[in-house]
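K.L.:
Prediction below, plus the sequence it came from.
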Amino acid sequence: MKRIFSGIQPTHNMHLGNYLGAVRNWVALQDGAEFETIYCVVDLHALTQPQDPVELRAHIRELTATLLAVGIDPERSILFAQSQVPGHSELAWLFSCVTPLGWLRRMTQFKDKAGKQQDTAMHGLLAYPVLMAADILLYKGTHVPVGEDQKQHLELTRDIAQSFNQRYGVDFFPLPEPQILGSATRVMSLRDGSKKMSKSDESDYSRINMTDDADTIALKFRRAKTDPEPLPTEAAGLASRPEAENLVAIYGALAGKDVGAVLAEFGGAPFSTFKGALTDVAVAVLAPIGGEMRRLMADPGHVDAVLRRGGEKAAAIAAPVLAETQDIMGLLRP
Ligand code: AQP
């Protein structure tokens, strides 16, 4: 059976980058017949950065409501929060005993986030990819939709699965494959076309949040960094113009058009004209999602019930995998 596992951190609510780069594809994968889909609000991963406990709990609920609002259907996908299934932490410990430290120190994300402070960085930051391997393999996930930035971590998941299988002479864990979808878009910051749009960017003007209203979306696009030239008529004209390239890519992803078609329509136009059209298409996509999310948040009991049911379904798949792992490793079952 082909099984997709993917997660999103409740570090803040979802932004347009998370949606166009990942979550929109989650909905497409759920709606296709090829995969069983498991989607997780990875709150344990969020703890690798300092979190205010009250805000974290609110973000877990808000993010879940947003996932429901964009079309994740808890009847067709398993949707839950990572901390609801203790097996994630337990399997991560077991995997940490078959994962050499050198593999973790080499991870680009660790090097970027820890910088020169590797000795004072938290162990959780270093161990993040081991927990990610546990997230996927606890369900024997076979396919993981990943962006460029997560490819290295998925490679490590495969290495950990292989290391476990080899050490114990079993063929127990699958080696999960990256599921690359053509329609995924890497969305860059609206303030700096060389940085990805990110929840943790200090400036809210760097991103479009899924909950932004029409006025805020218009203001953020108006303020988005651009250059003085009009839009080119050919894709080649976007080279060395990262901010222009980003806005064109966002427009294309939202309107379902490729870059050539967007430039055929707007080539030669000034940014003021293009930004107006970009706002219209963004509002058309995001306004109904924001409305649905606010409706769901008015009934937090419903969101909690969805997570509870999802957690039960996830735990039912996880329990035998964890028990068999413990058996293979020579532990006594609880
Ligand atoms: N800018 C982006 N463009 C395309 N895809 C993106 N993703 C994140 N940012 C972009 C994809 O969204 C999924 C969930 O991401 P995550 O919550 O696990 O964490 P992240 O990649 O670290 O995202 P952020 O927004 O930058 O969060 P913070 O600031 O908390 O670290 C992933 O599939 C990711 O590739």
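P.N.:
Now that the structure is in, tell me what you want to look at.
K.L.:
quick one: Thr37 from the ligand, how far?
P.N.:
14 Å (Cβ to the nearest ligand atom, to the nearest Å). Quick note: C-beta positions are derived from backbone N, CA and C, even for glycine.
K.L.:
hang on, that residue packs against Leu79?
P.N.:
No: Thr37 is not in contact with Leu79 according to Cβ atoms under 8 Å; the separation is 9.1 Å.
K.L.:
now what about stretch 92-102, what contacts it?
P.N.:
Under the contact criterion Cβ atoms under 8 Å, 6 or more residues apart in numbering, stretch 92-102 has outside partners 127, 130-131, 133-134, 137, 156, 160, 163-164, 167, 325-326, 329.
K.L.:
Break the protein down into its domains, please.
P.N.:
3-184+299-329, 204-295 (the TED database).
K.L.:
residue ranges with poor pLDDT in the stretch 101-250 of the chain?
P.N.:
Along the stretch 101-250 of the chain, the model assigns pLDDT under 70 to residues 181-184.
K.L.:
how about 90 then?
P.N.:
Low-confidence segments of the stretch 101-250 of the chain (pLDDT under 90): 109, 112-119, 146-152, 179-186, 199-200.
K.L.:
Would you map the helices across it?
P.N.:
101-105, 108-114, 123-137, 151-168, 214-223, 242-255 (DSSP state H, counting those that start in this stretch).
K.L.:
Can I get those helices in a markdown table including distance to the ligand and mean neighbour count?
P.N.:
Below are the helices of the stretch 101-250 of the chain laid out as a markdown table (distance: least, Cβ to the nearest ligand atom, whole Å; neighbours: other Cβ atoms under 10 Å):
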| stretch | distance to the ligand | mean neighbour count |
| --- | --- | --- |
| helix 101-105 | 17 | 12 |
| helix 108-114 | 8 | 14 |
| helix 123-137 | 9 | 22 |
| helix 151-168 | 10 | 18 |
| helix 214-223 | 15 | 16 |
| helix 242-255 | 10 | 21 |
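K.L.:
would you turn these into JSON lines with distance to Lys196?
P.N.:
Shown next, in JSON lines, are the helices of the stretch 101-250 of the chain (distance: least, Cβ to Cβ, whole Å):
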{"stretch": "helix 101-105", "distance to Lys196": "22"}
{"stretch": "helix 108-114", "distance to Lys196": "12"}
{"stretch": "helix 123-137", "distance to Lys196": "17"}
{"stretch": "helix 151-168", "distance to Lys196": "14"}
{"stretch": "helix 214-223", "distance to Lys196": "16"}
{"stretch": "helix 242-255", "distance to Lys196": "10"}
